[in-house]
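> Could you work out the structure for the sequence below:
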Amino acid sequence: MSHSVKLRAVSVLVLFAASSAAVACGGDRKLPKVDTSAGKVGVIDSAPASVATTVAAVLTDENVFALLDTAYSAMIATDQLAQRKSDGAVNQFAAKAVSENAVTRSGIKSTADRLNIAPVLPDRDVIRDQAKVMRDLESKSGADFTRAYLDRVIDTRKALMDEIDDALESGDVRQEPVRKFLGDVRVSLDAERKSAEDLRSKLGG
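Numbers count the residues shown, from 1 in each chain. Now for the predicted structure:
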């Protein structure tokens with residue numbers, strides 16, 4: 001599947017700048033941050049306005065950390081909603097996901113800082129339906145909410161895993177510590193996906 005297709009399908013992730021590697025070099029880090037994220041959740045945007053509409057074909061170290069931070073912020077928001085609107089095993093799953101993913105998101109930020117990587121998010125196209133998804137979930141209750149929530153969990157984890165796979169296979173993620181970190185994140189995402197699928201299979205419908 002091409003990046004353009006997957007990026008449209010992944011509603012909590014990010015689009016990338018074709019010139020992101022140049023944007024993220026030392027001199028560009030001094031540029032003022034451009035806020036293209038009004039009303040959006042967890043968006044990192046350190047790219048200058050001149051590249052804000054450019055779409056990348058590959059993932060770089062800079063892109064992937066923006067991808068992860070934005071995705072995890074949106075996932076946490078969805079899981080927090082599920083904590084309020086569910087009970088039993090699904091509520092326990094959501095609470096565990098909030099806790100573990102908050103730790104992962106903190107690790108994303110600290111790893112980027114340690115490796116001196118400035119995350120670059122020049123476009124928020126792929127998270128533009130996050131508010132719509134949240135409104136839709138808010139409007140549901142009971143089993144309808146639970147099914148919609150778990151479907152969302154499964155889809156977003158799968159999509160983010162696909163992005164990580166592409167990043168690792170392309171060779172454009174340059175630093176070995178980043179590659180290892182992405183592998184660890186993928187393992188965690190896969191575990192959540194499997195848990196959500198187990199819960200979803202018990203609901204049917």
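> Below-threshold pLDDT in the chain: ranges please.
Within the chain, the segments meeting pLDDT under 70 span 1-59, 121-128, 205.
> now do 80
Low-confidence regions of the chain, defined by pLDDT under 80, span residues 1-61, 63, 119-130, 171-172, 174, 205.
> what about the helices in it?
Along the chain, counting by DSSP state H, helices occupy 3-9, 20-23, 61-85, 88-114, 130-139, 142-170, 176-203.
> Can you get me a residue count around Glu100?
15 (other C-beta atoms under 10 Å). For every residue, glycine as well, the C-beta is placed using N, CA and C.
> From Asp79, how far out is it?
Distance of Glu100 to Asp79, given as C-beta to C-beta, to the nearest Å: 10 Å.
> ok, now which ones touch Gly107?
Contact analysis of Gly107 by C-beta atoms under 8 Å, 6 or more residues apart in numbering lists Phe181.
> Distance to Val120 for the helices of the chain - can I get that in JSON lines?
Listed next are the helices of the chain as JSON lines, based on distance: least, C-beta to C-beta, whole Å:
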{"stretch": "helix 3-9", "distance to Val120": "15"}
{"stretch": "helix 20-23", "distance to Val120": "5"}
{"stretch": "helix 61-85", "distance to Val120": "4"}
{"stretch": "helix 88-114", "distance to Val120": "11"}
{"stretch": "helix 130-139", "distance to Val120": "20"}
{"stretch": "helix 142-170", "distance to Val120": "14"}
{"stretch": "helix 176-203", "distance to Val120": "14"}
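> Would you mind finding the most buried of these?
helix 61-85 (a mean of 23; mean count of other C-beta atoms under 10 Å).
> tell me what it is packed against?
Here helix 61-85 touches helix 20-23, helix 88-114, helix 130-139, helix 142-170, helix 176-203, going by 3 or more C-beta pairs under 8 Å, 6 or more residues apart in numbering; DSSP states H and E.
> Could you check the angle the third one makes with helix 142-170?
Interaxial angle of helix 130-139 relative to helix 142-170 (axes from the mean of the first three to the mean of the last three C-alpha atoms, to 10 degrees): 150 degrees.
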